[in-house]
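Student: structure, please.
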Amino acid sequence: MEQSLSAPEPTVFLVGTLIDATGSDPIRDAMVVTERGRIVQVGPAKSLRHQRRHHRVVDASEATMMPGLIDSHCHVFYLNSEDFGQPVGVSLIASGLKNALNLLMQGVTTARELCTRDNLDVELRDAIARGLVVGPRLFVSGEGMAMTGGKARGMVELVTEITGPDEARRFVRRQVRSGVDLIKVFATAGLTDGGQEQLTELEIRAAVEEAHKAGRSVAAHAIGTAGIKNAVRAGADTVEHGTFLDEEAVHLMLATGTALVPTLSIGHTMAEQGAALVSSAALIENAKQALAREADSARMAYQAGIPIGAGTDPVYGDTMAMECRQLLQVGLDPMQTLQAATIVGARILGQEAVLGTIEPGKYADLLLVDGNPLDDVAALERVRYVVKAGVTVRAAA
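Tutor: Just a heads-up that it's a prediction; the model follows:
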């Protein structure tokens, strides 16, 4: 049940340009009507008949409306790399609350939260849903699963280490009992260690079987080629990063319907600004060497028809606008890029019936920006209105 700090107000939006993210052409001079947190009417304003007497009217005739953004790879408690390693306490929790609000103000109305220590994201998700704090609608994994003695990108505090399929099953069952929405596994190490293979295919498969049995999906951190293939053969639903894909990995992903969340922007940030961000020298050098390869991998996946979701992995402050800019660079067209940040994200979450497009019956998650992001992706940075489930959480002065 969607709740918020205030009740959704019946609203008529008069919009200069509407991008509904279904793939249809944009609608000029459009009208969108919301009631009880849902979209009830969409179309050209001149063709819709609606009684506005009991509705608030928002004149956004100079703006472009699109669905609220869906960040498919987020770390709400760790938008600043300095938050890694912090013990659970007021400071870390305050960072999570602040970051959640900031994400929403950027137009991210839904986020897939992948890996948080002590399952803190479960409590944050529930606090947001109850209206106690303000933030995106969260789908959370809690702690991740990594191999014993592995190097989970320096995030030992954020994972449970396992050895063998039985321990993998035990981990997933415990996480399901804790209330997570999905499971995060580390099939490989991070860039610092070259993305080397870590969890075995059997361990990942055991986790996938338990997760799917409980109706949960599995996101696999997978950078190196061997680990990517292990995760895909084991049945993971998404590959996160996928830096070193090859043709066999792409064919496996196509055969299994595995989606890719390439998180391209963070690689550029590490390579170009790493020294200022206090990243390790090895991480910076590996990021530089991986830039061309990760772009080639994302391009190969896109050209093959693998679903591409937009995710920021934002430990250095990367935004959805920055990620969308990189998706354009690897070949997605402007509409496909916006869909990666909306409807594809909804499909990855299994929420396409209620999220991801502007259509009657879906949640009124709406983003209004200055300019048209189909012409200039930087328009995503010029946010005027953010509406989540019918509640305006950010409005232009």
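Student: and Val156, how close does it get to Thr148?
Tutor: 11 Å (C-beta to C-beta, to the nearest Å). For the C-beta atoms, the positions are set from N, CA and C on the backbone; glycine is no exception.
Student: now the helices for this protein?
Tutor: With DSSP state H as the criterion, the chain has helices at 90-105, 120-129, 165-178, 201-213, 225-234, 247-256, 264-273, 281-304, 320-329, 334-340, 343-349.
Student: just send those helices back as a markdown table, with mean neighbour count, distance to Phe186 and mean pLDDT too.
Tutor: Formatted as a markdown table, those follow (neighbours: other C-beta atoms under 10 Å; distance: least, C-beta to C-beta, whole Å; pLDDT from 0 to 100):
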| stretch | mean neighbour count | distance to Phe186 | mean pLDDT |
| --- | --- | --- | --- |
| helix 90-105 | 17 | 21 | 92 |
| helix 120-129 | 20 | 17 | 97 |
| helix 165-178 | 18 | 12 | 98 |
| helix 201-213 | 21 | 10 | 98 |
| helix 225-234 | 24 | 9 | 98 |
| helix 247-256 | 16 | 17 | 98 |
| helix 264-273 | 22 | 16 | 89 |
| helix 281-304 | 18 | 16 | 90 |
| helix 320-329 | 22 | 21 | 98 |
| helix 334-340 | 22 | 24 | 98 |
| helix 343-349 | 24 | 19 | 98 |
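Student: with adjacent residues omitted, what lies nearest to Gln41?
Tutor: In space, and not counting its chain neighbours, Gln41 is closest to Val33: 3.9 Å by C-beta to C-beta, 6 or more residues apart in numbering.
Student: also Gly179?
Tutor: Excluding the flanking residues, the one nearest Gly179 by C-beta to C-beta, 6+ apart is Val122, at 5.1 Å.
Student: was I right to think the one you found contacts Gln175?
Tutor: No - using C-beta atoms under 8 Å, Val122 is not in contact with Gln175; the gap is 9.3 Å.
Student: neighbours of the nearest residue to Ala301 once chain neighbours are set aside, how many?
Tutor: Spatial nearest neighbour of Ala301, chain neighbours left out: Leu260 (4.8 Å); criterion: C-beta to C-beta, 6+ apart. The tally of other residues near Leu260 (other C-beta atoms under 10 Å) stands at 31.
Student: domains in this protein, by residue range?
Tutor: Structurally, the chain divides into domains by automatic domain parsing as follows: 11-67+357-394, 69-349.
Student: ends of the longest one, what's the gap?
Tutor: Chord length of domain 69-349, first to last residue, is 13 Å (C-alpha to C-alpha, to the nearest Å).
Student: could the helices of the chain be laid out in TSV, adding distance to Arg112?
Tutor: Below are these laid out as TSV (distance: least, C-beta to C-beta, whole Å):
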stretch	distance to Arg112
helix 90-105	12
helix 120-129	10
helix 165-178	15
helix 201-213	15
helix 225-234	17
helix 247-256	18
helix 264-273	15
helix 281-304	18
helix 320-329	12
helix 334-340	13
helix 343-349	6
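Student: among the ones you listed, which is nearest Arg56?
Tutor: helix 90-105 (20.1 Å; C-beta to C-beta).
Student: now the angle from the closest one to helix 120-129?
Tutor: 50 degrees (axes from the mean of the first three to the mean of the last three C-alpha atoms, to 10 degrees).
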